[in-house]
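Participant: A predicted structure for the sequence below; I have some questions about it.
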Amino acid sequence: MKKTMAEVQVVRPSSDQRESGRLQVLDTIRSAGRIARIDIAQATGFSPATVTAITSELLAAGLIEESSSDDQPSETRRGRPRVTLKLRGKAHRIAGLKVAQRTITMLIVDFEGKTIVDHEMEFPTARVSPTELVDRILKIVDATCRKGGFDRTGLSGLGIGLPGQINSVSNFVHWSSSLLERNVELGALLAQRLPFPVFVDNDANLVAKAEHLFGKGRESRNFLVVTLEFGVGLGIMIDGEVYRGQRGCGAEFGHTKVQLHGALCQCGQRGCLEAYVGDYALLREANGVTVGEPYTDVAQLVAAARGGDQVAMSIFERAGAMFGMGLANLINIFDPDLIILAGRSHNKRHIFLDAAVTRAMQSVVQVDAPPPEIRTHGWGDLMWAKGAAAYAIEKVSGLTVKDVTRNAS
Ligand SMILES: [Zn+2]
């Protein structure tokens, strides 16, 4: 029966609703791996007719593909092979990169999240001008693409994680320890030079995303990731979503104050947690009293402490106490069920982590319920880059579904 225009307008969902419906179906397929239409209907609560309509649009857009049950090892069904849907890996190549102190690590994945190629480049200086950072990013983008056998036009999007206060909505860097200048339009600078969209976020947020999708946070919807590297970062996962704050500058755990009129921090203020536990803080304190060759790497200081050097030991003792105080504050505010301590250099931090955790547990509000679990996770930069790629997949999916919606209306 043919509907009149008025009826059509009444029953037709708005384009926002259709867009979010398509995204929901895409997410359901992504988290299931392979899934039949009827199971998508069950998972989303959409009618089978709606699921059929949405999936045929996604099929037409090349984002998903059908796969018969023949190629999966599950139990065989009688009659017609069961048709399931999966993401089409070839739909997009998406990149993620992590800007660390002297290295940039990049990873390119397909639309299913499978790694295609990765690459790491070392640079002589840690803090650079925005122009120099853009040049470095372009350099690694091209080098990684070359390694994968394609060029930058073969990419659909790039996620970038760097330390600092970043507004991920506008890809704007308020401040970063990797940049010599404040208030950098990093997204806009890169957009002028790259043929695909760029998504910038705080690196600890991306680690939280990676932990949520691939790591120790898979079972938990409310957890915190504390990153310990050159500085201290925090990713807050609340109900399965990264919490970023109103200005996108939240979760600056490293700059929470642990001492009134305390040590000078690289952010310009005093008494920040980072000014007691960050690499630079430990070295600054050690070199303030050490006569002879100054320490240039925290690893040297760790070796000295392990060898019984009193100065080195006392530096880590204080850092552990300060870090424990910070962890206790986090637990008292968020009451998470899990805290993940992550970072490339965390292994050498074991020297103060145990003391920090003990101190934290003594300082949390005591109730008759088990305290949150604290786990350490020593991922390399590649996993940080994977978090950046996962974030870019989410963003590219959103943009592609927007296109599908625009073309359908
Ligand atoms: Zn600070």
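Facilitator: Received, thanks.
Participant: please make it C-alpha for all contacts and neighbour counts, starting now.
Facilitator: Fine.
Participant: wait, is V117 part of a helix?
Facilitator: No. V117 is assigned strand when assessed by DSSP: H, G, I helix; E, B strand; the rest coil, not a helix.
Participant: from C145, how far off is it?
Facilitator: As defined by CA to CA, to the nearest Å, V117 lies at a distance of 8 Å from C145.
Participant: which of the two has more residues huddled nearby?
Facilitator: Taking neighbours as other CA atoms under 10 Å, V117 and C145 compare with C145 leading, 23 against 17.
Participant: retrieve the pLDDT associated with the closest residue to that one other than its chain neighbours.
Facilitator: In space, C145 comes closest to D151 once its chain neighbours are excluded; the distance is 5.2 Å by CA to CA, 6 or more residues apart in numbering. On pLDDT, D151 comes in at 95.
Participant: ok, now G231?
Facilitator: 80.
Participant: who touches it in this structure?
Facilitator: Under the criterion of CA atoms under 8 Å, 6 or more residues apart in numbering, the contact list for G231 reads G254, E274, V277, G278, D279.
Participant: now do K86
Facilitator: By CA under 8 Å, 6+ apart, K86 lies in contact with I29, R30, G33, R34, I35, I64, E65, E66, S67.
Participant: sec struct for the residue in the stretch 301-409 of the chain that the ion sits nearest to, please.
Facilitator: Among the residues of the stretch 301-409 of the chain, G326 lies nearest to the ion; the distance is 13.4 Å by CA to the ion. With three-state DSSP as the basis, the three-state label of G326 is helix.
Participant: these two touch, right, it and E252?
Facilitator: No. G326 sits out of contact with E252 when judged by CA atoms under 8 Å, with a separation of 11.5 Å.
Participant: quick one, which of those two is more surrounded?
Facilitator: Just comparing G326 and E252: by other CA under 10 Å the higher neighbour count belongs to G326, 22 against 19.
Participant: residue contacts, that one?
Facilitator: Going by CA under 8 Å, 6+ apart, G326 touches F253, T256, V258, L273, A360.
Participant: would you turn the residues you listed into JSON lines with distance to the ion, pLDDT and neighbour count?
Facilitator: As requested, the contacts of G326 are arranged in JSON lines below (distance: CA to the ion, whole Å; pLDDT from 0 to 100; neighbours: other CA atoms under 10 Å):
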{"residue": "F253", "distance to the ion": "9", "pLDDT": "91", "neighbour count": "21"}
{"residue": "T256", "distance to the ion": "7", "pLDDT": "92", "neighbour count": "15"}
{"residue": "V258", "distance to the ion": "10", "pLDDT": "90", "neighbour count": "21"}
{"residue": "L273", "distance to the ion": "7", "pLDDT": "94", "neighbour count": "27"}
{"residue": "A360", "distance to the ion": "21", "pLDDT": "90", "neighbour count": "23"}
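Participant: before we move on, which element is the residue positioned nearest the centre of the chain in?
Facilitator: Of all residues in the chain, the one closest to the mean position by CA atoms, centre = their mean is L206, 0.9 Å from it. Assigned by DSSP states H and E, L206 falls within helix 203-214.
Participant: same deal with V51?
Facilitator: Short version: V51 belongs to helix 48-60, going by DSSP H and E.
Participant: could you do S397 as well?
Facilitator: Under the assignment given by DSSP H and E, the secondary-structure element containing S397 is helix 381-408.
Participant: that helix packs against which elements?
Facilitator: Using 3 or more CA pairs under 8 Å, 6 or more residues apart in numbering; DSSP states H and E as the contact criterion, the neighbours of helix 381-408 among helices and strands are helix 15-32, strand 93-99, strand 103-110, strand 157-162, strand 198-202, helix 203-214.
Participant: what comes up buried for the first one?
Facilitator: With burial defined by 16 or more other CA atoms under 10 Å, the residues of helix 15-32 counted as buried are 18-30.
Participant: okay, now the sheet partners of the helix or strand following that helix, with direction.
Facilitator: Sequence-wise, the next helix or strand beyond helix 15-32 is strand 34-35, with elements assigned using DSSP H and E. As defined by DSSP bridges, the strand partners of strand 34-35 come to strand 83-87 (antiparallel).
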